[in-house]
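A.B. asks: Can you look at this prediction? I've put the sequence above it.
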Amino acid sequence: MSEFNKQTKLLSTSENDLQTAAKIFKNGGLVCIPTETVYGLGANALNEEAVKNIFKAKGRAGDNPLIVHISKFDDIKPLVKNISKKAEILAQSFWPGPLTMIFEKSNIIPDAVTCGMDTVAIRMPSHPVARKIIEKSGLPIAAPSANISGGVSPVTAEHCFADLKGRVDGVVDGGECEVGLESTVILMVGDKPRLLRPGFVTAEQICEKIGEIIIDDAILNPIGKGQKVLSPGMKYKHYSPSAKVIIIDADDEKYYSYVNQAEGENIFALCYDEDVAHINKKCLTLGRHNDNKSAANRLFYNLHQFDLLGAKTVFARLPKTDGVGLAVVNRLLRSAGFEVIKL
Ligand code: AMP
Ligand code: MG
């Protein structure tokens with residue numbers, strides 16, 4: 001019999017169902033919960049067995065640590081050794097919200113959460129449902145994205161169900177995630193804060209609050225063989241739909257002509273609203289050109305749609321890397337396995 005034969009409950013956002021979700025956490029179970037970034041696959045971060053079950057349910061590599069979620073600032077204190085002035089400023093500025101900070105961990109964080117690292121990633125989500133469940137459980141909740149590892153992060157309860165039915169005890173349906181991309185991750189240990197993963201809170205916004213930060217090389221470049229990575233998650237294949245995604249780095253005319261001339265079955269374009277009239281293939285759009293927030297919000301949703309539509313090849317436009325665009329390009333590069341055609 002399969003190891004994954006749980007009765008996965010579909011939970012609403014009623015007080016009663018949120019209480020049920022919190023109770024599952026207290027009992028060491030797994031629940032997918034909506035956050036403003038993507039859906040998280042949560043468990044009690046202080047329960048080593050429960051945390052190990054997150055890795056099993058996702059098929060996540062054993063060296064890729066988890067983010068711990070809290071519902072109020074004071075809850076961070078027992079989890080970390082030291083909170084720098086800069087970290088305090090970032091917490092005041094962006095929490096609750098889509099920013100994860102990495103600190104030296106305290107002894108109560110089990111090794112299973114951090115994969116043996118001496119640092120721990122902490123975030124306070126702004127989604128009211130996530131916050132209520134965490135608060136009701138009275139626990140810090142470890143939660144990576146609620147998908148099978150390697151696939152596209154879930155932005156609806158249906159996406160969670162499609163991947164994790166039978167593997168988790170419950171899925172709380174809180175509708176579509178507002179941001180649609182995972183949190184910004186910044187390492188607050190060491191001389192200078194270092195951006196490890198771009199997200200909706202941008203590098204520019206962070207610099208405005210705390211001055212210079214380092215942008216890690218791995219954000220826009222593939223990791224070389226044997227290269228040391230500061231954020232283990234960056235070395236794994238990520239966000240891949242069934243279709244082959246190829247990024248086209250070109251101006252409008254060259255992009256149109258490349259896509260229009262392409263031959264084969266089920267070819268799609270991932271482009272902007274303004275492009276659709278010029279393209280003879282089926283299109284899903286990231287919104288209007290230069291609207292990076294809309295692109296962030298629609299990227300994962302569209303990657304899921306390509307699977308539902310049976311897409312074989314997707315030719316994606318390369319967004320600009322300013323503001324939230326850096327996060328969109330970072331995820332798109334990984335979903336395309338860094339395959340970029342420059343015209
Ligand atoms: P996920 O929750 O699946 O979106 O992934 C969390 C991301 O944060 C992954 O890229 C992890 O490698 C990264 N992360 C979590 N904890 C740490 C840590 N202590 N040090 C560096 N990166 C971390
Ligand atoms: Mg993930």
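C.D. replies: The structure has been received and is ready for your questions. Ligands and ions are numbered 1, 2, ... in the order given.

A.B. asks: For L90, give me its contacts.
C.D. replies: Contact analysis of L90 by CB atoms under 8 Å, 6 or more residues apart in numbering lists 99, 101, 186, 188, 206, 209-210. In this view, the C-beta of every residue, glycine as well, is placed from N, C-alpha and C.

A.B. asks: what does T114 give?
C.D. replies: Contacts were defined as CB under 8 Å, 6+ apart; by that measure T114 touches 65-66, 105, 120.

A.B. asks: now it, nearest residue through space, not along the chain?
C.D. replies: Computed as CB to CB, 6 or more residues apart in numbering, the closest residue to T114 that is not its neighbour in sequence is P65, at 4.7 Å.

A.B. asks: and the one you found, how far is that from T100?
C.D. replies: 11 Å (CB to CB, to the nearest Å).

A.B. asks: Return every residue with contacts to both of the two.
C.D. replies: Between them, P65 and T100 share the neighbouring residues A121, with contact defined by CB under 8 Å, 6+ apart.

A.B. asks: on that earlier part again, looking at the contacts of L90, which one is closest to S145?
C.D. replies: L99 (16.0 Å; CB to CB).

A.B. asks: For the closest one, name its beta-bridge partners.
C.D. replies: For L99, the beta-bridge partners under DSSP bridges are T184.

A.B. asks: Name all residues that make contact with it.
C.D. replies: By CB under 8 Å, 6+ apart, L99 lies in contact with 90, 123, 183-184, 186, 199, 201, 206.

A.B. asks: Repeat the analysis, applying 10 Å as the threshold.
C.D. replies: When contacts are counted by CB atoms under 10 Å, 6 or more residues apart in numbering, L99 is found next to 37, 90-91, 93, 122-126, 183-186, 199-201, 205-206.

A.B. asks: Whichever of those residues end up buried, select them in PyMOL.
C.D. replies: Only the buried entries of the contacts of L99 go into this PyMOL selection, using 16 or more other CB atoms under 10 Å:
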select buried, resi 37+90+91+122+123+124+125+126+183+184+185+186+199+200+201+205+206
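
A.B. asks: For the chain, which residue gets nearest to ligand 1?
C.D. replies: Closest contact between the chain and ligand 1, by CB to the nearest ligand atom, is at G233 (2.0 Å).

A.B. asks: show me what contacts the closest residue to A218 other than its chain neighbours?
C.D. replies: Nearest-residue entry for A218: M234, 4.4 Å, with adjacent residues in sequence omitted and distances by CB to CB, 6+ apart. Residues touching M234, when contacts are defined by CB under 10 Å, 6+ apart, comprise 64, 185, 196-197, 216-219, 221-223, 330, 334.

A.B. asks: Tell me the buried residues within these.
C.D. replies: Under a neighbour-count criterion of 16+ other CB under 10 Å, the subset of the contacts of M234 counted as buried comprises 64, 185, 196-197, 216, 218-219, 330, 334.

A.B. asks: So which of these are in strands?
C.D. replies: Mapping those onto strands (DSSP state E) picks out 185, 196-197.

A.B. asks: Secondary structure added to the contacts of T114, as JSON lines?
C.D. replies: Below are those laid out as JSON lines (DSSP: H, G, I helix; E, B strand; the rest coil):
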{"residue": "P65", "secondary structure": "coil"}
{"residue": "L66", "secondary structure": "coil"}
{"residue": "K105", "secondary structure": "strand"}
{"residue": "V120", "secondary structure": "strand"}
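
A.B. asks: For those residues, name the two members farthest from one another.
C.D. replies: In terms of CB to CB, the contacts of T114 reach their longest pairwise distance at L66 and K105, which sit 11.7 Å apart.

A.B. asks: so what sits against both of these two?
C.D. replies: Both L66 and K105 are in contact with 113-114, 120-121, where contact means CB under 10 Å, 6+ apart.
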